[in-house]
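Participant: The amino acid sequence is not available; the structure is as follows:
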């Protein structure tokens, strides 16, 4: 897992989620700020400045998401009293929240094209979410 350190106590670690997907896990001052994922080819096209911009945009969206959490999102049950919901976070990103007893315990965001592929087969979406919580 490789990492990038930015000003303001921000660190981002990126890793291969699968053969086709790379995820970026973000922390700010020790607090987890969620993740976003992208197609490997798209990830490889980003230069350092683009990566920093995406990380900063992600943090800004997460920090302002208290209002966004009031939105309606369809919920799907998982094992161990967990469920997940997804929603369109921005024009380019969908976010998936893992909930336990109605509280968000994990969040990650992914580009729309990857998410749309997962939606073609709900089992694939469930597999991705299940993989994240293990």
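Facilitator: Cool, got the structure. These numbers come from a predicted model, not from an experiment.
Participant: now the longest helix anywhere in the chain, how far from the centre of its chain.
Facilitator: Scanning the chain for the longest helix, with DSSP state H as the assignment, gives helix 48-63. How far helix 48-63 lies from its chain's middle: 12 Å, per Cα atoms, centre = their mean, to the nearest Å.
Participant: same deal with stretch 80-93?
Facilitator: Stretch 80-93 has its C-alpha centroid displaced from the chain centroid by 9 Å (Cα atoms, centre = their mean).
Participant: And that stretch, what's buried?
Facilitator: For stretch 80-93, burial by neighbour count (16 or more other Cβ atoms under 10 Å) applies to 82, 84, 85, 86, 87, 89, 93. The C-beta positions use only the backbone N, C-alpha and C, and glycine is treated the same way.
Participant: surely the first one meets residue 98?
Facilitator: Yes: taking contact to mean Cβ atoms under 8 Å, the distance of 6.1 Å between residue 82 and residue 98 places them in contact.
Participant: residue boundaries of the strands in this protein?
Facilitator: Ranges of strands in the chain, per DSSP state E, are 2-6, 10-16, 21-28, 31-39, 75-77, 82-88, 93-100, 103-111.
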